[in-house]
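K.L.:
The sequence and its predicted three-dimensional model are supplied below.
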Amino acid sequence: ILLSNISHEMRTPLNALLGYLQILKDDNEISPEKKIYIENAIVSGVVLLRLINDVLDAAKISAGQLELYPQPFWLDSVAISIWKTFKQLAAVKGLKFNISSTPVPYMLLGDKERIIQIINNIVSNAVKFTEKGFVNVVIEKREETSEELELLITVKDSGCGIPEEKKDELFKPFKRLQREQQGTGLGLFISKNLAKRMGGDLWFESKEGKGSAFYISLRLPKVPLLQEQPLKGRRFVILYGKDCPSFVCNVLENQCTLLGAKIKRYMCAKRLMEDILKNRISKIDYFIVVEPIDDKIFPSSIVDVMRFILGKGECRYLLISENENKKKKKLKVFDYVFSSYISIEDILDIEKEKEKEKEKEKEKEKVQILIVDDEPFNRQVIAMMIKKSFPDAVIEFAYNGKEAVEKAVTQKFDMIFMDIRMPVMNGFEATKRLREKGIESAIYVVTADVIRETLREALDCGANGVVQKPINVKELERILNSRIEDRSDEKFNGESSHRR
């Protein structure tokens, strides 16, 4: 318990230090030389944090207090995390790093971060003790029932192997393969205990001088999908080059196919353009470019041509690029830019965004607006401005506050634009009465006054805000879009809750 408390107290200030160092690193006023010092300090801090976390985990295991936090997750997100973490480290040592993952058409319930921790520990050792050759990771099904899946993760390397006299001590705490080896010697001890907590185990085979193979088994419950095939009917086109890691495309294609999508892959932009021009491809929901591509043509130019040929439509243009430079510029061409990979979770998030956008467009079509003003020219100007952005909006008019109250009580409006100075009943009084009667429409007071007292009085009466004359078209559009978004969010969230 004492060790656990000390580790926790050390980790808290270290997290703060790493945070401040990251802020300094991103400061443009820091010189390149000092940035190198900061990066080195961050690397050292991360190593120290990892050591502290290992000590804390070991203490919790010994005390029987290590807890797991299961959450639904996609298996491919684990594979992608491992690939992203080690692909560069392996490349620096000149190692071939390969990873493959069996497609699983449903989510699993487990502590994803702990699963990644187990695999990271094994792969890290494989990369560390392999000077030439390969490190291969295979994630596959071992056994399956209607409610549970047993995974087998195999990590093989062509490294130095493990001497016979060291094998029996390998999973004991604070035992290291080599004295000069960095670390606490806790990684394998923690990993084996975590695997057992997840209904599995960790074991190995090794020959000194010929490499090792570590095996991780895990038993995880299945999470049934809300829909059988949420991507049914969606058409994906992936453009990539011969140097593109096949794992990136394979994982995405396997998962999307299992969820109902149709995939077409191209290594040549010219052939893709020919197929589109000859109507071999008539509908695309997702166009994904994986850099680097082989053609002597910029991905942005390809997207421009496709937008021109296919029209606006519902196609989403995605870019996978490890080059973080000019990301803002790329976002002007592509709808989304991802670093290194796109997971199935990313695609499903985009699907939700598309559904919300459709709902928003539907709301635009049936938006009901009441314009209250005694001057006909003012009514006409506001109506024309609204119709410019919302051509299908239904607009009603009232000539004074009293008439506005009578209409709003018998007819539902999404928004009311209320002038202040009118005969019979002014805008403040009308707004106050509408709120007293329980009318929840968004009410914006329209006025030429610029004094604070007008805004305060409008809000006190129950208005949502003030629109100043002369009316700015963009400001009016912003207010309308904000209201429509609130409405579509409410409806979307309500339907989602109902589906759950």
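P.N.:
Thanks, I have it.
K.L.:
So residue 477 sits against residue 389, correct?
P.N.:
Yes - counting by Cβ atoms under 8 Å, residue 477 does reach residue 389; the two are 4.7 Å apart. (Each C-beta comes from the backbone N, C-alpha and C, glycine too.)
K.L.:
Which neighbours in the sheet does the longest strand along the chain have, and how are they oriented?
P.N.:
Looking across the chain with DSSP state E, the single longest strand is strand 211-223. Sheet pairing of strand 211-223 (DSSP bridges) gives strand 107-110 (antiparallel), strand 148-157 (antiparallel), strand 201-207 (antiparallel).
K.L.:
Poorly predicted segments of the stretch 301-450 of the chain, please.
P.N.:
311-313, 323-328, 358-365, 450 (pLDDT under 70).
K.L.:
quick one, helices of it?
P.N.:
Applying DSSP state H, counting those that start in this stretch to the stretch 301-450 of the chain gives helices spanning 327-331, 344-365, 376-389, 401-410, 427-436.
K.L.:
okay, which residue of this structure is out on the far edge from center?
P.N.:
residue 424 (54.4 Å; Cα atoms, centre = their mean).
K.L.:
check contacts around it.
P.N.:
400-403 (Cβ atoms under 8 Å, 6 or more residues apart in numbering).
K.L.:
at 10 Å what do you get?
P.N.:
374, 399-403, 430 (Cβ atoms under 10 Å, 6 or more residues apart in numbering).
K.L.:
sorry, back to before: give the buried residues for the longest strand of the chain.
P.N.:
Buried residues in strand 211-223, counting neighbours by 16 or more other Cβ atoms under 10 Å, are found at 211-212, 214-220, 222-223.
K.L.:
picking that back up, the residue farthest from the centre of the chain and residue 416, how far apart?
P.N.:
17 Å (Cβ to Cβ, to the nearest Å).
K.L.:
who's in contact with the residue nearest to residue 219 when sequence neighbours are not counted?
P.N.:
Distances taken as Cβ to Cβ, 6 or more residues apart in numbering place residue 199 nearest to residue 219, at 3.3 Å, with adjacent residues excluded. Going by Cβ under 10 Å, 6+ apart, residue 199 touches 110, 148, 150, 217-221.
K.L.:
Now residue 199: which helix or strand?
P.N.:
For residue 199, there is no enclosing helix or strand under DSSP states H and E.
K.L.:
Ramachandran coordinates for it?
P.N.:
Backbone torsions for residue 199, taken as degrees, to the nearest 10, come to phi 80, psi 20.
K.L.:
how close does it get to residue 150?
P.N.:
8 Å.
K.L.:
shared neighbours of these two, anything?
P.N.:
Common neighbours of residue 199 and residue 150 (Cβ under 10 Å, 6+ apart) are 217-220.
K.L.:
what angle sits between whichever strand or helix holds residue 136 and strand 148-157?
P.N.:
Taking DSSP H and E as the definition, residue 136 sits inside strand 134-144. Strand 134-144 runs at 160 degrees relative to strand 148-157, counting by axes from the mean of the first three to the mean of the last three Cα atoms, to 10 degrees.
K.L.:
how close does residue 259 get to residue 333?
P.N.:
Residue 259 is 27 Å from residue 333, by Cβ to Cβ.
K.L.:
When these two are compared, which one has more neighbours?
P.N.:
residue 259 (22 against 18; other Cβ atoms under 10 Å).
K.L.:
Let me know whether that one touches residue 347 as I believe.
P.N.:
Yes - with contact defined as Cβ atoms under 10 Å, residue 259 counts as touching residue 347 (8.5 Å).
K.L.:
Mutual contacts of those two, please.
P.N.:
Jointly contacting residue 259 and residue 347 under the rule Cβ under 10 Å, 6+ apart are 230-231, 234.
K.L.:
Quick check: nearest residue in space to residue 473, chain neighbours excluded?
P.N.:
That would be residue 385: by Cβ to Cβ, 6+ apart, it lies 5.4 Å from residue 473.
K.L.:
Just list the residues touching the one you found, thanks.
P.N.:
Residue 385 touches 471-477, 480, counting by Cβ under 10 Å, 6+ apart.
K.L.:
one more time with 8 Å, if that's ok
P.N.:
Neighbours of residue 385 in contact, by Cβ under 8 Å, 6+ apart: 471, 473, 476-477.
K.L.:
Same list (those) but as CSV, adding pLDDT, secondary structure and neighbour count.
P.N.:
Below are these laid out as CSV (pLDDT from 0 to 100; DSSP: H, G, I helix; E, B strand; the rest coil; neighbours: other Cβ atoms under 10 Å):
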residue, pLDDT, secondary structure, neighbour count
471, 80, coil, 14
473, 79, helix, 12
476, 85, helix, 19
477, 83, helix, 15
